[in-house]
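Novice: When you get a sec, could you give me coordinates for this:
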Amino acid sequence: MENTQEWYIVKRSAGNCEVVSNDQIEKDNPEIIEQWGPYSSQEEAIARRVGLIRSGKCQPV
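Specialist: Below you'll find the predicted structure:
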């Protein structure tokens, strides 16, 4: 069986970013401002989130 889990980074209206799986992503949620992904692993998404925080696009939690 193939692993089809994908990971996304979503920016909430408060300015912080979360790593969520494709199971948890909420379509048409007005609280989500921006979305990055999909990424093949949670580790890759976390590393990208750190980069977004460092570049000022996201606030740390």
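
Novice: nearest residue to Gln42 other than its sequence neighbours?
Specialist: Trp7 (5.2 Å; CB to CB, 6 or more residues apart in numbering). Bear in mind the C-beta positions are built from the backbone N, C-alpha and C, glycine included.

Novice: Report the contact partners of the one you found.
Specialist: By CB atoms under 8 Å, 6 or more residues apart in numbering, Trp7 lies in contact with 19-22, 37-42, 44-45.

Novice: ok, now how distant is the spatially most central residue of the chain from Glu43?
Specialist: For the chain, the residue sitting closest to the mean C-alpha position, by CA atoms, centre = their mean, is Ile9 at 0.8 Å. According to CB to CB, to the nearest Å, Ile9 and Glu43 sit 13 Å apart.

Novice: What strands line up against the lengthiest strand in the chain, and which way round?
Specialist: Looking across the chain with DSSP state E, the single longest strand is strand 32-39. Using DSSP bridges, strand 32-39 pairs in its sheet with strand 7-12 (antiparallel).

Novice: Name the strands paired with the very next helix or strand once past the strand it pairs with and say parallel or antiparallel.
Specialist: Next helix or strand after strand 7-12 toward the C-terminus (DSSP states H and E): strand 17-21. Neighbouring strands of strand 17-21 in its sheet, by DSSP bridges, are strand 7-12 (antiparallel).
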